[in-house]
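I'll drop the sequence and a predicted model, then ask my questions.
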Amino acid sequence: MDTGVGSKAESSRRENPAFYHATRPVLLIVDDEPLGLKSMASVFEGQGYELVLAGSGHEAMQFVETGRPDVILLDVMMPGMDGLEACRRIRSHPGMAEIPILLVTALDDRQSRLEGLESGADDYITKPIDRDEVRARMRTITRLNRFRRLQEEIVYSRQTMAELREYSRRLDLLRRIDRAILRAGSAAEIAGQVLPLLRDLIPHSHAAIYRQEPRGQTLTLLAEDGSGQPLAKLEDRLELGDLGVAFEAGPESFCPVILLLGRGANLPVVPRQLHAAGIDVLMAIPLGHYDRMLGVLLLGGPGPASFSGPQTEIAKEVGGIISLALAHTELLENVTRSRSQLESLSHKLILVREEESRHIARELHDEIGQILAVLNLNLAAVKKGAGSEIARQSVDGCLDLVARLITKVRRLSLDLHPSLLDDFGLVTALRRHVESLADRTGLDLRFQADEGIGRLGTELETVCFRVVQEAITNALRHAEPGHLLIRLRPYAGKLELSVSDDGHGFDPEAALERSAGGGSLGLLGMRERVSLVSGELSIISAPGAGAVIKASFPLINTREEDHVP
Ligand SMILES: Nc1ncnc2c1ncn2[C@@H]1O[C@H](COP(=O)(O)OP(=O)(O)OP(=O)(O)O)[C@@H](O)[C@H]1O
Ligand SMILES: [Mg+2]
């Protein structure tokens, strides 16, 4: 059946949800008789209502579910679902029990009225209707209903606001915990930062975080918080069993366990200590990552009803955050430990290599050099006594070979370890090295050093010498420079060393990346050696712009006793 005004109003409601909040009360009129429907609608037209007309009980039910009318006017006598049945169904529907329903009955139909009231109707209107009386009653009903709804809405929005405020407070605290964790550098710092923030999130009177050793059952106390009261002074180290709580390892089992501490004397260590400090309930939140236990967060409350369900949930959430932070710290600690082991290994290697070079250099100089010198003298004597020109020529040849051998051995010995470095220090050794290279290559190599620089200690002097050696070799090998400048000077409490060339230049980052991939050793070795004496190395270069290798060292390493005569 065409319900005219009603169907149009209904479709516009469905399209626009905002319509439901219209200020005009919505009247749903239900009658299978079109004439009855029209006549009832005419009573309320122009009276400030939103009218929705339904031609059957089913149609009415459909609208009620989506449209939430303010009042329903139900004709009792309808085919199919009659008014009484519709009334019963509406009342049994959650959320619709409060909608006022008026039954429209015939004047003499007392039985229907009684049944109607029993089926949940609020009132009834008798036909034929008194238009003024019906309008007056409708005004009162809708006003009361609007008021009731308003009250409901106020209560609901107050609850929602309170819940929202609580949620945003918790979120804010969780965010502060996150930020605090980010600032913390170690497990103990994480625990120390998080515990005070937990006071507002889960009210408690005592809190502690223990960390479990990577292997084994031993727990170490990271931090304890008395929430303004004296600490329970928990043991610094204990075994998992001392908690009196059994956890099963596994991500699903990392759930808080609540323990009532009423029993006193027979309690395990931790519950006993907490009980003595006035704690009645202990919540133990296992901290774990994947299936590994990392520790435990303990919260103690003074009353038996200390921790509610939602608080247990929040505790689990916080436990998750702390667990992740602890897992990351552990990973970082492992990486840092391995790195420092590697560093000390590589430092040792450099020192061993340096010592070995020094030893071979001495052998070459003192042993082989001496033998060659004697050989030289002997050959000179043989030459004097030689009887024939041929013999003298071949001795000359031998003398020439020995002289070249002596030069080669001396150079090799100097390269391996310049004895000048041990005997006269860095400035002299570098000056001689640069001069000899300039002689050999014919290039413009200059050395500038502050004359006041004294002995700097074997390690620092050797590092500086090796850096210069490698930097010059690199420039000569890769850059075809016209000029090279080597400078050594104390500056702002540091020793500054630089090797600059005006050659081809290069991309230092790309070169270091290639070296790290096993491409070469020079630059990496330089960096290693410099870090060995707590120095810093910077490589400033770009293709076409020459290169500057700069190293700066703290001068505190200078020690007289380092000097090896
Ligand atoms: N002064 C420089 N001018 C131009 N390129 C340079 C200079 N110093 C280094 N490089 C570039 O950086 C790369 C890496 O230098 P590095 O000293 O590590 O290795 P290498 O000299 O090639 O080999 P080695 O391991 O024998 O020292 C060089 O191959 C070269 O391309
Ligand atoms: Mg090199």
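Great, that's in hand. Numbering: from 1, shown residues only. Ligands and ions are numbered 1, 2, ... in the order given.

what about stretch 510-522, distance to the chain center?
Remark: stretch 510-522 is offset 31 Å from the chain centroid, using C-alpha atoms, centre = their mean, to the nearest Å.

What pLDDT does the model give Glu560?
Looking at Glu560, its pLDDT is 42.

Please apply the same query to Asp31.
94.

Could you pull up the residues touching it?
Contacts for Asp31 (C-beta atoms under 8 Å, 6 or more residues apart in numbering) come out as 37, 40, 55, 75, 78, 104. Glycine gets a C-beta too; all of them are placed from N, C-alpha and C.

what sits against whatever residue of the chain ends up closest to ligand 1?
Per C-beta to the nearest ligand atom, Gly522 is where the chain lies closest to ligand 1, at 2.1 Å. Applying C-beta under 8 Å, 6+ apart to Gly522 gives the contacts 470, 473-474, 515.

now do 6 Å
Applying C-beta atoms under 6 Å, 6 or more residues apart in numbering, we find Gly522 in contact with 470, 474.

distance of it from Arg466?
In this structure, Gly522 and Arg466 are 10 Å apart, going by C-beta to C-beta, to the nearest Å.

Ok, Arg148 next?
Taking C-beta to C-beta, one finds Arg148 at 91 Å from Arg466.

try Ser112
Ser112 is 111 Å from Arg466, by C-beta to C-beta.

what's the answer for Thr66, then?
In terms of C-beta to C-beta, Thr66 sits 85 Å off from Arg466.

element containing Leu238, please.
Following DSSP states H and E, the helix or strand that holds Leu238 is strand 237-239.

Show me what counts as buried in that strand.
Leu238 (16 or more other C-beta atoms under 10 Å).

how about the following helix or strand past that strand: buried residues?
Going down the chain from strand 237-239, the next helix or strand is strand 257-260, by DSSP H and E. Residues of strand 257-260 classed as buried by neighbour count (16+ other C-beta under 10 Å): 257-259.

before we move on, back to that, give me the more crowded residue out of Thr66 and Arg466.
Higher neighbour count among Thr66 and Arg466: Arg466, with 19 against 11, using other C-beta atoms under 10 Å.

That one: what secondary structure?
helix (DSSP: H, G, I helix; E, B strand; the rest coil).

Return the residues in contact with the nearest residue to it once chain neighbours are set aside.
Once flanking residues are discounted, Arg466 sits nearest to Arg529: 5.6 Å by C-beta to C-beta, 6 or more residues apart in numbering. Contacts for Arg529 (C-beta under 6 Å, 6+ apart) come out as 350, 463, 466.

For the buried residues of strand 257-260, could you give me a markdown table that also reports pLDDT and distance to ligand 2?
Converted to a markdown table, the buried residues of strand 257-260 look like this (pLDDT from 0 to 100; distance: C-beta to the ion, whole Å):
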| residue | pLDDT | distance to ligand 2 |
| --- | --- | --- |
| Val257 | 83 | 62 |
| Ile258 | 85 | 66 |
| Leu259 | 83 | 66 |
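
Surely Ile539 is in a helix?
No - counting by three-state DSSP, one finds Ile539 to be strand, located in no helix.

Next one: it from Met161, what distance?
61 Å.

so which helix or strand takes in the residue in the stretch 301-450 of the chain that ligand 2 sits nearest to?
Relative to ligand 2, the nearest point of the stretch 301-450 of the chain is Asp415 (14.1 Å; C-beta to the ion). In this assignment (DSSP H and E), Asp415 forms part of helix 389-416.

Mind listing the residues bridging to Pro286?
Val296 (DSSP bridges).

residues contacting it?
Contacts of Pro286 (C-beta under 6 Å, 6+ apart): 247, 254, 296.

Find the nearest non-adjacent residue to the first one, please.
Beyond its immediate neighbours in the sequence, the residue positioned closest to Phe247 (C-beta to C-beta, 6+ apart) is Pro286, lying 4.4 Å away.

Can you give me the pLDDT of that neighbour?
In this model, Pro286 is scored at 90, pLDDT.

same thing with His328?
Looking at His328, its pLDDT stands at 90.

same for the helix or strand containing it, what does it pack against?
Using DSSP H and E, the element containing His328 is helix 309-362. Where contact means 3 or more C-beta pairs under 6 Å, 6 or more residues apart in numbering; DSSP states H and E, helix 309-362 is packed against helix 187-201, strand 281-289, strand 292-301, helix 389-416, helix 522-532.

now do 8 Å
helix 131-183, helix 187-201, strand 281-289, strand 292-301, helix 389-416, helix 419-424, helix 522-532 (3 or more C-beta pairs under 8 Å, 6 or more residues apart in numbering; DSSP states H and E).

Let me have these in a markdown table, adding distance to Phe506 as columns.
A markdown table is the format used below for those (distance: least, C-beta to C-beta, whole Å):
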| stretch | distance to Phe506 |
| --- | --- |
| helix 131-183 | 38 |
| helix 187-201 | 42 |
| strand 281-289 | 44 |
| strand 292-301 | 46 |
| helix 389-416 | 24 |
| helix 419-424 | 29 |
| helix 522-532 | 10 |
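
coming back round to it: just the contacts of Asp31: which are in helices?
37, 40 (DSSP state H).

are any of the contacts of Asp31 buried, and which?
Buried among those (16+ other C-beta under 10 Å): 37, 40, 55, 75, 78, 104.

nearest to ligand 2, of these?
Nearest to ligand 2 among the buried ones among the contacts of Asp31, counting by C-beta to the ion, is Gly55 at 96.2 Å.

what pLDDT does the closest residue to Gly493 other than its chain neighbours get?
Closest residue to Gly493 apart from its sequence neighbours, by C-beta to C-beta, 6+ apart: Leu555 at 6.2 Å. On pLDDT, Leu555 comes in at 82.

can you check Cys464 too?
The score at Cys464 is 95. That number is its pLDDT.

follow-up on the earlier one: what is the nearest of the buried residues of strand 257-260 to Arg411?
Closest approach to Arg411 among these (C-beta to C-beta): Val257, at 76.0 Å.

OK, contacts around the closest one?
245, 247, 283-284, 286.

give me the beta-bridge partners of it?
Bridge pairing for Val257 - DSSP bridges - gives Ala284.

now the strand holding Leu238, how far from the chain's geometric center?
A distance of 29 Å separates the centroid of the chain from that of strand 237-239, by C-alpha atoms, centre = their mean.

Next: stretch 281-288.
Going by C-alpha atoms, centre = their mean, where stretch 281-288 is centred and where its chain is centred differ by 23 Å.

next one: stretch 213-221
That offset, for stretch 213-221, works out to 24 Å (C-alpha atoms, centre = their mean).

got the residues of the chain near ligand 1?
Residues of the chain lying close to ligand 1 by C-beta under 6 Å from any ligand atom are 474-475, 477-479, 501, 503-506, 511, 515, 520-523, 547.
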